[in-house]
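Trainee: Pasted the sequence and its predicted model underneath.
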Amino acid sequence: MKEDTLITTAGRDPKNNYGFVNPPVYHASTILSSTVAEHKEKRTRRWEIGNYTYGRQGTPTHDAFEMAVSSLLGGDRSVAMGSGLAAINAAMLAFLESGDHVLMVDSVYGPARNFCNNFLARFGVETTYYSPSIGAEIGGLIRDNTKIVYTESPGSLTFEVQDIRAIADVAHENNCVVIMDDTWSSGVFFKPFEHGVDVSAIAATKYIVGHSDVMMGVITTTNEHWQRVRQSASSLGANSGPDDVFLATRGLRTIGLRMRQHNENGLKIAKWLQDRPEVETVMHPGLPSHPTHDLWKRDFSGACGLFGVELKNNFSEEAIAVMLDDLKYFGMGASWGGFESLILHTNPAAIRVATKDQWENAGPTLRIHAGLEDTEDLIADLDEGFARLNAHK
Ligand SMILES: Cc1ncc(COP(=O)(O)O)c(C=O)c1O
């Protein structure tokens, strides 16, 4: 089956749903059993698709979404979570105990770093940050107690593509589990399980939902790790509600189409920015000038709308504020992956450890999300922004 067909059909079964195209929304806390024997029997089959015991353990609405995501990513099973961060935390906690060690990419999403530094550390789990360009040399950092090699590709804010295959091969030789935050391509442009990833954690809040109106996450894994992952998700209790799952499933049906447009719009704006005199570098892996473009070309079939820009070093904070404050179409907001364009002034040097010196002397950096507006309007908006930037002394 081709991918667009899969995206529009996976997890749906109209023939067994009175002909309705979409699965219904089951609102549930209590789910009844008819007999003591049935109640007991159902509890032994917890987390089997089609077996329902309690609202927190899932409903047919959840099953439909989770099956669709598993198919899109090429994994075996998925579990919907209340946010992307909850998906990351539950995925990590599935494999950790006190005394363990985590290898974490230095370009990781900030709150996942905070989870390691402020939460896992309190429970005796140590984290070492590694450069996103490490590849097979990750082996040099693996210790006897290393349980997880955590990847995010491309990285947050600076968009380095990681050599996931090289990292996964070495991690597996050393019995480590490879977790990947694949929110950037959300299963569309990169197939994590074809590259050796064991567990994918995605912020469904972004492209899967796609409309900036729901917080959700999803963990996908192989049968080998499913019980541990599902147990961890269940114990944390950060499940998602059926209305949100319904909206995420609805978003998923158009993700292929939307991602192609984000890809086109993002690249168009990135290319335009590349030629601007105010710009030092555009951090978009789809551009041949990007240091990890070759890896991106090898492993990805496209790019989403999110990328970074480093400006020349001679613009003040104030000048950047004057540029950004009056943009018409680029909103300033923490999220991304919706239909709308966004821009943020970022500061990678403030949080990096393994690659800090690389960013300390960099010019001011921006993160841009190219939405689904017409790129002529978006480029004109940025053009006026640059005029304000240059005019501000
Ligand atoms: C790369 C990445 N992963 C995970 C998350 C967390 O998702 P959520 O905000 O749904 O918790 C985000 C949110 O910005 C993100 O950018």
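Mentor: Okay, I see it.

Trainee: for stretch 359-378, what is the average pLDDT?
Mentor: Stretch 359-378 shows a mean pLDDT of 97.

Trainee: buried stuff in that stretch?
Mentor: 359, 362, 364-373, 375, 378 (16 or more other CB atoms under 10 Å). Any C-beta I mention is one placed from the backbone N, CA and C, and that applies to glycine too.

Trainee: Then stretch 329-340?
Mentor: 329, 330, 331, 335, 336, 337, 338, 340.

Trainee: What backbone torsions are found at the closest residue to the ligand within the stretch 51-200 of the chain?
Mentor: Closest to the ligand within the stretch 51-200 of the chain is residue 84: 2.3 Å, counting by CB to the nearest ligand atom. Backbone torsions of residue 84, given as degrees, to the nearest 10, read phi -60, psi -40.

Trainee: My guess is it contacts residue 208. True?
Mentor: No: at 9.7 Å, residue 84 does not count as touching residue 208 under the criterion of CB atoms under 8 Å.

Trainee: quick one: which of these two has more around it?
Mentor: Using other CB atoms under 10 Å, the more surrounded residue of residue 84 and residue 208 is residue 208, with 30 against 27.

Trainee: which parts of the protein sit against the ligand?
Mentor: 83, 84, 85, 109, 156, 181, 183, 203, 205, 215, 217, 335 (CB under 6 Å from any ligand atom).

Trainee: I'd like these as a markdown table, with secondary structure and pLDDT appended.
Mentor: Putting those into a markdown table (DSSP: H, G, I helix; E, B strand; the rest coil; pLDDT from 0 to 100) gives the following:
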| residue | secondary structure | pLDDT |
| --- | --- | --- |
| 83 | coil | 98 |
| 84 | helix | 98 |
| 85 | helix | 98 |
| 109 | coil | 98 |
| 156 | coil | 98 |
| 181 | strand | 98 |
| 183 | coil | 98 |
| 203 | strand | 98 |
| 205 | coil | 98 |
| 215 | coil | 98 |
| 217 | strand | 98 |
| 335 | coil | 94 |
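
Trainee: Can you pick out the most distant pair from these?
Mentor: Pairwise distances across these (CB to CB) peak at 17.5 Å, for the pair 156 and 215.

Trainee: So between these two, which is more surrounded?
Mentor: residue 156 (24 against 18).

Trainee: excluding its backbone neighbours, what's nearest the more buried one?
Mentor: Nearest non-adjacent residue to residue 156, counting by CB to CB, 6 or more residues apart in numbering: residue 109, 4.5 Å away.

Trainee: Same check on residue 291?
Mentor: Using CB to CB, 6+ apart, the nearest residue to residue 291 is residue 160, at 7.3 Å.

Trainee: How many residues are close by the residue nearest to residue 20 when sequence neighbours are not counted?
Mentor: Leaving aside its sequence neighbours, residue 20 sits nearest to residue 14 (CB to CB, 6+ apart; 6.1 Å). Neighbour count of residue 14, defined by other CB under 10 Å: 12.

Trainee: before we move on, what about residue 301?
Mentor: 14.

Trainee: Provide the secondary structure category for it.
Mentor: coil (DSSP: H, G, I helix; E, B strand; the rest coil).

Trainee: so of the buried residues of stretch 359-378, which ones are in helices?
Mentor: 359, 375, 378 (DSSP state H).

Trainee: just checking, the residue nearest to residue 20 touches residue 23?
Mentor: No: at 9.0 Å, residue 14 does not count as touching residue 23 under the criterion of CB under 8 Å.

Trainee: Check the gap between the residue most central in space within the chain and residue 189 for me.
Mentor: Centroid-nearest residue in the chain, with CA atoms, centre = their mean: residue 183, separated by 1.7 Å. From residue 183 over to residue 189 the distance is 12 Å, taken as CB to CB, to the nearest Å.

Trainee: is it true that residue 338 touches residue 208?
Mentor: No: Residue 338 is not in contact with residue 208 according to CB under 8 Å; the separation is 11.0 Å.

Trainee: contact partners of the host helix or strand of residue 233?
Mentor: Here residue 233 is covered by helix 223-236, with elements defined by DSSP states H and E. Applying CB atoms under 8 Å, 6 or more residues apart in numbering, the contact partners of helix 223-236 are 47, 56-57, 76-77, 79, 81, 86, 89-91, 93-95, 177, 198-199, 219, 221, 239.

Trainee: then the worst-scoring helix or strand of the chain on mean pLDDT to PDB, C-alphas only?
Mentor: Ranked by mean pLDDT, DSSP states H and E, the weakest helix or strand in the chain is helix 356-360, scoring a mean of 92. Provided in PDB are the C-alpha atoms of helix 356-360 (Å, rounded to 0.1, in the frame of the first residue of the first chain):
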ATOM      1  CA  LYS A 356      28.400  24.800  23.900                       C
ATOM      2  CA  ASP A 357      31.500  26.400  22.300                       C
ATOM      3  CA  GLN A 358      30.000  25.900  18.800                       C
ATOM      4  CA  TRP A 359      27.100  28.300  19.800                       C
ATOM      5  CA  GLU A 360      28.800  30.700  22.200                       C
END
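
Trainee: what separates that helix from the chain centre, distance-wise?
Mentor: Averaging C-alpha positions (CA atoms, centre = their mean, to the nearest Å) puts helix 356-360 24 Å from its chain's average.
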